[in-house]
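Novice: The following comprises the amino acid sequence and a computationally predicted model.
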Amino acid sequence: METLRYVCDAAGDLDLVVRERDYGKGGGGGGGGGEKAPFKRAVVFRVSRACLRRYTSLLDANATGHGEGGSEREGSRLVIDDESITAVKVWMDALHRRGSRDGGAIGISDAWWAIHFGNKYLRDRKQGAELDDEDGEEALKPAKDMSLLAGWFTAYYNKHDETFEGKGEEKRRVWAFSVLAPAYWFDCPQIFHDVTKYLVYNTTGSIVNVNPTRKGDRYMRGVPERILGQLSAARASQRTRLEKLLPVVSAPIPEHKGECLDVMTFSHKRSLLATGIKSLFSLADRKRTLKALLDDLDEYKFTLVTIKPCPGSDSWSTEICSSCIGGGDEDQKLWRAAYKLTEGVLDASERVRGNFGGLCLDCMHKFKNGGDDDDDYFAHDRPGNHDRGCRVRHGQPTWYFSYMGRRELMVRHQARRVEKREERKKNNEEQMRRFALFIEDLEDGPIPF
């Protein structure tokens, strides 16, 4: 097994030995027992004992995951297994030098291993550690503060984002799924914002965590399920919004609601079919991404179709009337109706395409302003306030879907609003009653003072 040395601190007083397993050659990758994968290589990191004790639990008496002889009592040597050497190097650089920017040369699996190391050994943040899996509040700030690696992961993302654009849509989608968790854990708001938007508009089916490693245990954690659920809800909401925004068909002359309206409706549906869209909620189109549907709608062009009845049947009129077709002083009523339909379809596509900008990491932490949990959240539901205090600019849809509080909090807030409204109503009624009594006293005679 190859062993190398890496100096993180020239004045360090501890050798941290990291032994990396080769999960690609079999062996149990999870924590469920079975034969473990063989060791592939090992690296000795020269580190500061004080630095490790301050930021990690590696030197704690009850620390988990140590290898053979992995304890402080052995003097200047500490051994850990089941970690990625690259990920440990990134963490040691960040802890000793306050920031590693060498993110371009790593792979996405190294970022997931960095999450694994952080969840396993990093100390909990002293303030704001509201993460509680049992109570379901997974959307608040994670208890582990891994933002030290934000710059490192941003360097990786900036280098590979354009690279994956040219590798096909399927590979880019898989990459986006795997990028989601590091952007969340390393606190990269712009990356998280962009990737969540991409997943809403460019995926179908379940939005899930994609773990690119062969390791699976409680420390290799992806994005909380509640966040994934909100992404699915945002995607469904955009489909519903698109259905509602599509224009309603009308005859060139509104009073002609019979045959002319039938011809216009049929022509509109045929024009939609010509773009490749069957129905936004049909089984076929549900398997297509929002982006694909919107791209098809951008090709919409209204074409008048003559309806031919079935042979031998007494069908209704097959043509639009001459009055609706118009001409001369009537400014081509049919042309104007067709233009209105086309503009309506293109406008619906544009509005849906720009409606949802992605999720906001800051809006997920509803106590970011330090006030009451209800008032602090709902204070943002005002024009211009949706991105107040956030590191990315966004609108109301992002704020709405980024909130991860429990439903009972919203119910409680609504109940308080009802109580306040009823209280104001009673106060107004009492004031009116007193005013009426005052008027009656005036009518009965002068009021003695």
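Specialist: The structure has been received and is ready for your questions.
Novice: The helix or strand harbouring Arg226 - contacts with which helices or strands?
Specialist: If you go by DSSP states H and E, Arg226 is part of helix 225-245. Here helix 225-245 touches helix 189-202, helix 290-297, helix 333-353, helix 396-402, going by 3 or more CB pairs under 8 Å, 6 or more residues apart in numbering; DSSP states H and E. The way it works is simple: take the backbone N, C-alpha and C, and place the C-beta from them, glycine included.
Novice: Where does pLDDT dip in the stretch 201-350 of the chain?
Specialist: 250-259, 278-285, 306-332 (pLDDT under 70).
Novice: let's see it at 50
Specialist: Residues of the stretch 201-350 of the chain meeting the criterion pLDDT under 50: 316-317, 328-331.
Novice: What distance do you get for Arg77 to Glu243?
Specialist: 65 Å (CB to CB, to the nearest Å).
Novice: With Leu297 instead?
Specialist: Distance from Leu297 to Glu243, by CB to CB: 12 Å.
Novice: okay, the two: which has more neighbours?
Specialist: Taking neighbours as other CB atoms under 10 Å, Leu297 and Glu243 compare with Leu297 leading, 22 against 13.
Novice: Pull up the gap between the more buried one and Lys287, please.
Specialist: Distance of Leu297 to Lys287, computed by CB to CB: 17 Å.
Novice: What is the neighbour count of Ile439?
Specialist: Number of residues near Ile439 (other CB under 10 Å) recorded here: 10.
Novice: still on that earlier bit, got the angle for the helix holding Arg226 vs helix 290-297?
Specialist: Angle, helix 225-245 to helix 290-297, by axes from the mean of the first three to the mean of the last three CA atoms, to 10 degrees: 10 degrees.
Novice: Leu180 is in contact with Ile191, correct?
Specialist: No - Ile191 lies out of contact with Leu180 (CB atoms under 8 Å); the separation is 9.1 Å.
Novice: Show me the strands in the stretch 51-200 of the chain, by range?
Specialist: Applying DSSP state E, counting those that start in this stretch to the stretch 51-200 of the chain gives strands spanning 77-81.
Novice: Dump the helices and strands packed on helix 225-245 into JSON lines; add distance to Asp441 as well.
Specialist: Shown next, in JSON lines, are the helices and strands packed on helix 225-245 (distance: least, CB to CB, whole Å):
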{"stretch": "helix 189-202", "distance to Asp441": "64"}
{"stretch": "helix 290-297", "distance to Asp441": "68"}
{"stretch": "helix 333-353", "distance to Asp441": "60"}
{"stretch": "helix 396-402", "distance to Asp441": "52"}
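Novice: Among the ones you listed, which comes closest to Leu361?
Specialist: helix 189-202 (4.6 Å; CB to CB).
Novice: now what about the closest one, what contacts it?
Specialist: The contact list for helix 189-202 (CB atoms under 8 Å, 6 or more residues apart in numbering) reads 153-154, 157, 169, 172-173, 176-177, 179-180, 183-184, 207, 231, 234-235, 238, 289-291, 294, 353, 356-362, 390-392, 394, 398.
Novice: From those residues, list just the buried residues.
Specialist: Buried members of those, scored by 16 or more other CB atoms under 10 Å, are 153-154, 157, 172-173, 176-177, 179-180, 183-184, 207, 231, 234-235, 238, 289-290, 294, 353, 356-362, 390, 392, 394, 398.
Novice: Tell me which entries of the residues you listed lie within helices.
Specialist: By the criterion of DSSP state H, membership of these in helices covers 153-154, 157, 172-173, 176-177, 179-180, 183-184, 231, 234-235, 238, 290, 294, 353, 361-362, 398.
Novice: Can you give me the buried ones in the helix holding Arg226?
Specialist: For helix 225-245, the neighbour count (16+ other CB under 10 Å) marks 227-228, 230-232, 234-235, 237-239, 242, 245 as buried.
Novice: How about stretch 292-299?
Specialist: Of the residues in stretch 292-299, 292-294, 296-297 count as buried by neighbour count, 16+ other CB under 10 Å.
Novice: Can I get it in CSV? Just the C-alpha atoms.
Specialist: C-alpha atoms of stretch 292-299 as CSV (Å, rounded to 0.1, in the frame of the first residue of the first chain):
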residue,chain,number,x,y,z
ALA,A,292,-39.0,21.0,-23.6
LEU,A,293,-42.6,22.1,-23.4
LEU,A,294,-41.7,25.8,-23.3
ASP,A,295,-39.4,25.4,-26.2
ASP,A,296,-42.2,23.8,-28.2
LEU,A,297,-44.6,26.6,-27.3
ASP,A,298,-42.1,29.2,-28.6
GLU,A,299,-42.7,27.6,-32.0
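Novice: Averaged pLDDT, the lengthiest helix in the chain. What do you get?
Specialist: Longest helix of the chain, by residue count under DSSP H: helix 407-444. For helix 407-444, mean pLDDT is 79.
Novice: Same check on stretch 52-71?
Specialist: Averaged across stretch 52-71, pLDDT comes to 65.
Novice: Okay, and the beta partners of Val18?
Specialist: Val18 has these beta-bridge partners by DSSP bridges: Val43, Ile80.
Novice: Contact partners for it?
Specialist: 42-43, 45, 80, 83, 85, 88.
Novice: In JSON lines: the buried residues of helix 225-245, plus distance to Tyr198.
Specialist: Shown next, in JSON lines, are the buried residues of helix 225-245 (distance: CB to CB, whole Å):
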{"residue": "Ile227", "distance to Tyr198": "15"}
{"residue": "Leu228", "distance to Tyr198": "14"}
{"residue": "Gln230", "distance to Tyr198": "15"}
{"residue": "Leu231", "distance to Tyr198": "10"}
{"residue": "Ser232", "distance to Tyr198": "14"}
{"residue": "Ala234", "distance to Tyr198": "12"}
{"residue": "Arg235", "distance to Tyr198": "11"}
{"residue": "Ser237", "distance to Tyr198": "16"}
{"residue": "Gln238", "distance to Tyr198": "13"}
{"residue": "Arg239", "distance to Tyr198": "16"}
{"residue": "Leu242", "distance to Tyr198": "18"}
{"residue": "Leu245", "distance to Tyr198": "22"}
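Novice: which one among those gets closest to Glu419?
Specialist: Distances from Glu419 to the buried residues of helix 225-245, taken by CB to CB, are shortest for Gln230, at 29.0 Å.
Novice: how many other residues sit next to the closest residue to that closest one other than its chain neighbours?
Specialist: Distance criterion CB to CB, 6 or more residues apart in numbering; nearest residue to Gln230, sequence neighbours excluded, is Phe401 at 5.0 Å. Other residues within reach of Phe401, judged by other CB under 10 Å, total 23.
Novice: I'd assumed Gly358 was in contact with Phe401.
Specialist: No - applying CB under 8 Å as the test, Phe401 and Gly358 come out as separate, 9.2 Å apart.
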